[in-house]
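>>> Below: sequence and its predicted model.
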2 protein chains.
Amino acid sequence: QMPRGNLETIHHRALVLAQLRAWLDSLRFRDSFECMRKLRINLNLIYDHNPKIFLENLQTFITQLNSINHINLFLTELKEEDTTSSMYLRPDSSPVQHQPASGQKKVDVVCDALRNAMESMDPNKFCLCILTAHVKKTVPELEIALQKVHELRENPPEAPGAVSAEEALKYLLFLVNVNDLYEHSLGTYDFDLVLMVAEKSQKDPKEYLPFLNMLKSLEPNYQRYTIDKHLKRYKKALLHLSKCGEEHFHEALQLVKEQKLYSEALKLYPADSAHYKALSCAYAEHLVEQQQAEQAGLLLWRCGEPVRALQAFAGSSSWRNAICVAQQIPLPPDQLALLARDLAEKLTEQRRYADAALLLDQYAKDCEEAILALITGAVWEEALRLIYMHNRQDITETNLKPALLEAVGTQTLFLEAQVATFSRHRTRLAVVREQKEKARLDMLDEDGPDCPDAELYSEASSVMTGSKYSQSNSRISSRSSKNRRKAERKKLSLKEGSPMEDKALMYALGEIITTVDKMREEVHNLLKALVLFQFDKQAVKLQLAYEDALQMMEAAVPEVWPEGLQNSQAPLTGPNSTANSIMASFQQQQRPAASQQDAEVPTPPKMRNGIKWKLAVLK
Amino acid sequence: QMPRGNLETIHHRALVLAQLRAWLDSLRFRDSFECMRKLRINLNLIYDHNPKIFLENLQTFITQLNSINHINLFLTELKEEDTTSSMYLRPDSSPVQHQPASGQKKVDVVCDALRNAMESMDPNKFCLCILTAHVKKTVPELEIALQKVHELRENPPEAPGAVSAEEALKYLLFLVNVNDLYEHSLGTYDFDLVLMVAEKSQKDPKEYLPFLNMLKSLEPNYQRYTIDKHLKRYKKALLHLSKCGEEHFHEALQLVKEQKLYSEALKLYPADSAHYKALSCAYAEHLVEQQQAEQAGLLLWRCGEPVRALQAFAGSSSWRNAICVAQQIPLPPDQLALLARDLAEKLTEQRRYADAALLLDQYAKDCEEAILALITGAVWEEALRLIYMHNRQDITETNLKPALLEAVGTQTLFLEAQVATFSRHRTRLAVVREQKEKARLDMLDEDGPDCPDAELYSEASSVMTGSKYSQSNSRISSRSSKNRRKAERKKLSLKEGSPMEDKALMYALGEIITTVDKMREEVHNLLKALVLFQFDKQAVKLQLAYEDALQMMEAAVPEVWPEGLQNSQAPLTGPNSTANSIMASFQQQQRPAASQQDAEVPTPPKMRNGIKWKLAVLK
């Protein structure tokens, strides 16, 4: 038999909670409070039971409790947790009370609301409670609490029974660590307050007095800066330092660099000042180090440092800005041409041929080089435009036509290679899948599903199908599943017999499709140029080869990425299922082990069939 | 009791097939053939049983059969179907015989192989079989068969027992419809042959003789053209007509237009001829009608019709080609400028502002309009480049800066609207899903899975979850499932309470994400321009708003497109499942009815997080 008291307590609590709920509903806060204290029921329930009612009846609550200590007890016990969904579950019948969805935290809501109520009722009487409400907030408002203590000291309240500054400070020290309080008192820049706290602390006056005296001797802004820096409040420190005038700018710049407060600093100085320029230059140096040379250039340009801006722009291939700045400086024509050539060279390396050609044509005034760049980049129409613009039809014969013929050859060879690799991978994928299917059936033959090895088997299967995540939680977030996919991909190897060879082949096949699909625009432009120059035969051949490649790959998609691999399985059970059908579906079920976690199954690439590339004249 | 004979026959055939297989394996073709004829077993089995062996032993086959009639019988019974996989299934033990994978059809393979064997053995003796082999091909080779008959007539074989032309023709007429044969004889352009066939036919000589005499009177190429046209062989007709010289060119052009043989025609005339030009012009007209004006322009340009080419290019906004042709003509400067303005206007309508600006700047020589076009198109850097190039910094103040401020306002408002719509749809989606879930549970509560209403329910569920395809075949091809998705999407409506409202909301949410994600580049460029002109405050605001929007949407993806909706369900049965667990999973199973066909479930949009758009200077 259970000891009697135990059972009683359990029953007791359920009954008590019902009683409490009834009391709270009828606003009997005092009865509730007494009862909860006695039976050690978490005081948060007073709010959690019905937040709206509580917030609407704060005065009643305060009046009924009518005790500084009790209110403080309630405040200090406040927690973010909703006790009605953790400790004291609601009875099913009662409606769920939604928290006021202000986005604020519960503790802050209650503290602020209670404090406001008490301040309007009797700030003197509830002084300590008000301090508690400040201190209990998610981010404790120590400065404000200290400020209130300081006010008590400056203007001691005359009301009878009012709390003295002394008492209030004592109470604060009871709530908060003394060193925290000291630091925060420093942060108010109020030396009276600091001394008041320091005296109450165990600190050695020989330690803090010289520091305070040194601070007192400083110019106010510089004093605040020194305090802020001491407290590691660098943004505030910078704000105060910026007000200390010319002679302290070097120190400010130092602070900005050390703490990387560039953006904040720029806001503190007028945009046309020398300080702003110096800060911009410092920021730009930092940005260049961070590989953000273009943004550095923008800052330098706008603060009137075009030469340095040019350097930054040129370094980041931000060629339009570079050229603009160069013309603003202004660079002499020969140097501008040199700059254009330099930029064009870099852009050519980055395969940005059209940009390179524009620089060569318009700024280096070298139309021939420009046209050659366009021909190299297979930008046929633009090449032809410059040829006609500069009346250089000779280049058509010497360079453009030979380049077209070379391009059609290269493209055809490239397509052939892609098609060959694709077919090889596709054939191999079929072989690998057949082998896996055979291995699966072999295992099924050996062991029935009910045999003790079944679990072992299911592990083997998940290794076989290449996933270590079959057992993983499906409610995983999309971001982590993305990372998982990335990690997964790294493990793939095309080596024959590698455990995830099938997936590796699927990825490789997908990549070939994407590569070939991307050629639509380039092939289209090449075909047009070929037709223009009467290379119809070559154009027809390329169009056929490309069409065949696209069709072959599109036709292979359902085979390489069968729908079942992504899809759910057909229902295994249902009103019409029999023992046999469930058994049969169980055996099918072995296979989808691979597709359970489709996050790991490569998805079929999208083909851009909307991009029309074929020429009607080449049928 | 079954009638005795019936049972006997069934048994008989199985035994016979076993016997036949043994005979065919040991190359006893004659015994097999006799037996199969007697028992009406399809003769294709002789080949199908083992194609490789048969093709390697054709001479043995022919020698053993040793009968024109029997070989003909075999040939005429040939069908594409593989009888070992339809009528006479292989015993499980025997290995599958793969067809030679030459890509050719079985009937053609057998006909050609047998014919070659017979021709090398004794063409005279097997004459009729050879004819059969020609006629039986997938595309009957009637001309060749006729030609052989004609040869027999010209050079009657001297061998004893050789077939006469007369006999051969009779046999052909027995195999083929007489009118087909007459037409094909015409197609050989051999009047002797035609007369030979015509005489054997029931045709009235008064009908065909005048026609043949008329044909005979024609010049050979024109004669062939006339015959080809009569036989509707238009490509051949064009080929012959093209050889008929100048005076028939108009007729050829007419034929080309009627039969749309433009590409073919261009190949028949030298590229520098007047005919080629005339054909190109006709083709170009056709292409313009087919909305292929650019290709029309290319044809016109290359055949030396620049004025008409210009029209075609201008009509298709192929502005680079238009300008090149215009300079080749050459258009006088004022007209070139007008052309450039016209083209620029069209391009502006198509939002191709950079192209429009290039035309205005370089050909209309109107840098101001060019800069304004770039500003309208938010192509800030290029606008600035032209401003500096033409030393028009005044436009920065008058137009560029105001446009930047307007753009930042527009973008911010646009973002706000997108975010608001997104939140509205998202909230509504949660409500709709909750309602559906509630409706589902209500139905489950009312009816157990085994009750007679279950089927009714499952239908209701599929309507409720918005799919009409729950029962459809899952092995459907990806193309048709794509069409299905398209059709599906059309049915979606965002109207509250619409049956597929949840899917409609998912599509709408996906589209908002795609739209907002696409703004990365534009926002990046705008931010840079804002920084350059010291509009940091606006830039910070936009950067924050855009970042918030992207983050909010990315965070919503797992909620809007939960993984379970795409994924398979967890296994319902397995080694550890009990009757209860299967029952439980059955009840879960009701839900996936919606996700069974994930082809219809919208997929989450891809966000291009690789595109860096944020500026470090705007933290």
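Nice, thanks for sending it over. Please read these numbers as outputs of a predicted model, since none were measured by experiment.

>>> buried stuff in stretch A:327-339?
Across stretch A:327-339, burial judged by 16 or more other Cβ atoms under 10 Å in any protein chain shown covers A:327, A:331, A:336, A:337, A:339. Any C-beta I mention is one placed from the backbone N, CA and C, and that applies to glycine too.

>>> Just the element for residue A:343, please.
Per DSSP states H and E, residue A:343 falls inside helix A:333-349.

>>> Could you confirm whether that helix reaches chain B?
No. Shown here: helix A:333-349 not in contact with chain B (Cβ under 8 Å from any Cβ of the partner chain), separated by at least 10.7 Å.

>>> and that helix, what does it pack onto?
helix A:306-315, helix A:319-328, helix A:353-362, helix A:367-376 (3 or more Cβ pairs under 8 Å, 6 or more residues apart in numbering or on different chains; DSSP states H and E).

>>> elements contacting the second one?
The helices and strands touching helix A:319-328, judged by 3+ Cβ pairs under 8 Å, 6+ apart, are helix A:293-302, helix A:306-315, helix A:333-349, helix A:353-362, helix B:380-389.

>>> right, and those helices - which one's nearest residue B:65?
helix A:353-362 (70.7 Å; Cβ to Cβ).

>>> And the contacts of that closest one?
A:319, A:323, A:340-341, A:343-345, A:347-348, A:366-367, A:369-371, A:373-374, A:376-379, A:382-383, A:386, B:389 (Cβ atoms under 8 Å, 6 or more residues apart in numbering or on different chains).

>>> how far off helix B:353-362 does that helix point, in degrees?
Interaxial angle, helix A:353-362 versus helix B:353-362 (axes from the mean of the first three to the mean of the last three Cα atoms, to 10 degrees): 10 degrees.

>>> average model confidence for helix A:353-362?
For helix A:353-362, mean pLDDT rounds to 97.

>>> got it, and stretch A:297-305?
pLDDT averaged over stretch A:297-305 gives 95.

>>> which pair in the buried residues of stretch A:327-339 spans the largest distance?
Using Cβ to Cβ, the pair of the buried residues of stretch A:327-339 lying farthest apart is A:327 and A:337, separated by 12.2 Å.

>>> For stretch A:114-132, give the mean pLDDT please.
When pLDDT is averaged over stretch A:114-132, the result is 91.

>>> what distance separates the start and the end of it?
Start and end residues of stretch A:114-132 are separated by 10 Å (Cα to Cα, to the nearest Å).

>>> same deal with stretch A:375-385?
Taking Cα to Cα, stretch A:375-385 runs 12 Å from one end to the other.

>>> hang on, the earlier thing: would you mind pulling the contact partners of the helix holding residue A:343?
When contacts are defined by Cβ under 8 Å, 6+ apart, helix A:333-349 is touched by residues A:310, A:314, A:317, A:319, A:322-323, A:326-327, A:330-331, A:353, A:355-357, A:359-360, A:362-366, A:369, A:373, A:376-377.

>>> again, 7 Å this time
Helix A:333-349 is touched from outside by A:314, A:317, A:319, A:322, A:326, A:331, A:355-356, A:359-360, A:363-365, A:373, with contacts defined as Cβ atoms under 7 Å, 6 or more residues apart in numbering or on different chains.

>>> how big is the angle separating it from helix A:319-328?
Using the same axes, to 10 degrees: helix A:333-349 against helix A:319-328 is 170 degrees.

>>> what angle sits between helix A:333-349 and helix A:306-315?
Going by the same axes, to 10 degrees, helix A:333-349 makes 30 degrees with helix A:306-315.

>>> Please save the CA atoms from helix A:333-349 in CSV.
Output in CSV follows, covering the C-alpha atoms of helix A:333-349 (Å, rounded to 0.1, in the frame of the first residue of the first chain):
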residue,chain,number,x,y,z
PRO,A,333,44.4,60.8,-73.1
ASP,A,334,47.5,58.5,-73.4
GLN,A,335,47.2,57.4,-69.8
LEU,A,336,43.5,56.9,-70.2
ALA,A,337,44.2,54.6,-73.2
LEU,A,338,46.7,52.7,-71.1
LEU,A,339,44.2,52.3,-68.3
ALA,A,340,41.6,51.1,-70.8
ARG,A,341,44.0,48.5,-72.2
ASP,A,342,44.9,47.3,-68.7
LEU,A,343,41.3,46.9,-67.7
ALA,A,344,40.5,45.2,-71.0
GLU,A,345,43.2,42.7,-70.4
LYS,A,346,41.8,41.8,-67.0
LEU,A,347,38.3,41.6,-68.3
THR,A,348,39.4,39.3,-71.1
GLU,A,349,41.0,37.0,-68.5
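
>>> ok and that helix relative to helix A:367-376, angle-wise?
10 degrees.

>>> avg pLDDT for helix A:333-349?
Rounded mean pLDDT across helix A:333-349 is 96.

>>> how far out from the middle of the chain is it?
Remark: helix A:333-349 is offset 39 Å from the chain centroid, using Cα atoms, centre = their mean, to the nearest Å.

>>> follow-up on the earlier one: put the buried members of the contacts of helix A:353-362 into a ChimeraX selection.
Typed into ChimeraX, the line below selects the buried ones among the contacts of helix A:353-362, using 16+ other Cβ under 10 Å:
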select /A:319,323,340,341,343,344,347,348,366,367,369,370,371,373,374,376,377,378,379,382,383,386 /B:389
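
>>> Now do the same contact list for residue A:433.
Contacts of residue A:433 by Cβ under 7 Å, 6+ apart are residue A:502.

>>> 10 Å - rerun?
A:501, A:502, A:505, A:559, A:560, A:562 (Cβ atoms under 10 Å, 6 or more residues apart in numbering or on different chains).

>>> And residue A:314, by the same measure?
Residue A:314 sits next to A:293, A:297, A:321, A:322, A:323, A:325, A:326, A:339, A:342, A:343, A:346 when contact means Cβ under 10 Å, 6+ apart.

>>> Pull out the buried members of those.
If you count burial by 16+ other Cβ under 10 Å, the buried members of these come out as A:293, A:297, A:321, A:322, A:323, A:325, A:326, A:339, A:343, A:346.
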